[in-house]
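S.K.: I'd like to go over a predicted model; first the sequence, then the structure.
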Amino acid sequence: MPISRPPAVGLSGRYIEIPMFTLSFSEFLQFREKSYTALNTDDEFSLFLKYGGFPGIHALEFEDKTVFQYLDSLYNTILIKDVIRRHKIRDVGVLENVARFIFDNCGNVTTAKRIPDYLKNKKMRISTDTVLNYLSYLRSAFLIHKTGHYDLKGLRHLEFNDKYYLGDIGLRHSILGYKNRDISGLLENIVFLELLRRGYRIFIGRLNGREIDFVAEKSDERIYIQVCYLLADSSTIEREFVPLEKIEDNYPKMVLSMDKIYIPDRKGIIRQNLIKFLLSEK
């Protein structure tokens, strides 16, 4: 099973955790035997956006019914073995609905209280404590990742309004179907996973009521990143660039989008095509 608990190497009663992820877009192209400079890179990214990064899909015919059936079986195997059996879950239906809620809201601010309210409309009752336990179980199975908010002005972590991202976006589409309207959240999820692969700790930045998608840290490095689908108009450009302009330190700042037309850097903030960022070595 491609997603599993990270292997641990024992060292005198301690262990080293080695995180494992599904394929990055760069690795996806290698499995597809496609060159980075191929004219169909955009088409390949569309497939990556839809099917995700599980290596096993590359042994299948690349069509929705086949791939999504495989991914659905993977999801159910993980849910049954790594969550339901391991934690002796009795109300499986409630757990499945908690998971569906998170999968449907990846990249959105989520509080534990929102989920019981959502389930109440489905005539299901669950306590906030149980929701928190279920989310913890889903995280331990690497189906989801959680990141919190960091106040850039007060230099402190905020204990509310977490965001959840998926361990692989292909699983989401096998459960909920592929929805083009969710493109912004999916792109954000892909960048989040890429930053994790590169060894960064990731937070959501808050500064004077504005949100920065990612504050990524590693050793003495830090980078601020905004992610959007297209910088289609002046209001979108202002929305993405202004929060970064308000940050007063000199760490790198970047806006990633799917735009292909040249958009100049602004006040030292780098503007880069998202696919190029995924295929870059840095």
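M.R.: Perfect, thanks for sending it.
S.K.: Please name the residues that touch the spatially most central residue of the chain.
M.R.: Ranked by distance to the mean C-alpha position of the chain (CA atoms, centre = their mean), the top residue is residue 189 at 2.8 Å. The neighbours of residue 189, taking CB atoms under 8 Å, 6 or more residues apart in numbering as the test, are 106-107, 165-166, 169. The way it works is simple: take the backbone N, C-alpha and C, and place the C-beta from them, glycine included.
S.K.: Distance-wise, check residue 234 relative to residue 183.
M.R.: 21 Å (CB to CB, to the nearest Å).
S.K.: Now, the contacts of residue 189 that are in helices?
M.R.: Judged by DSSP state H, the contacts of residue 189 include residue 169 as members of helices.
S.K.: Just name the lowest-scoring one in the contacts of residue 189, pLDDT-wise.
M.R.: Ranked by pLDDT, the contacts of residue 189 bottom out at residue 107, which has 86.
S.K.: from what I can see that one touches residue 190, true?
M.R.: No. Counting by CB atoms under 8 Å, residue 107 does not reach residue 190; the two are 10.2 Å apart.
S.K.: Of those two, give the one with the bigger neighbour count.
M.R.: residue 190 (26 against 21; other CB atoms under 10 Å).
S.K.: ok, back up a step: tell me the spacing between the residue nearest to the centre of the chain and residue 231.
M.R.: For residue 189, the distance to residue 231 equals 19 Å [CB to CB].
S.K.: helices or strands up against the helix or strand where residue 270 lies?
M.R.: Using DSSP states H and E, residue 270 sits within strand 270-273. Using 3 or more CB pairs under 8 Å, 6 or more residues apart in numbering; DSSP states H and E as the contact test, the elements touching strand 270-273 are strand 253-257.
S.K.: Okay, and the beta partners of residue 162?
M.R.: As for beta bridges, residue 162 partners with residue 110 under DSSP bridges.
S.K.: hey, where'd the helices end up in this protein?
M.R.: 25-31, 41-51, 64-78, 92-104, 114-120, 128-140, 169-176, 183-197, 234-245, 274-279.
S.K.: and the shortest one, what other elements does it pack with?
M.R.: Which is helix 274-279. helix 25-31, helix 41-51, helix 183-197, strand 253-257.
S.K.: do the same with the third one
M.R.: If you count contacts as 3+ CB pairs under 8 Å, 6+ apart, helix 64-78 packs onto helix 41-51, helix 169-176.
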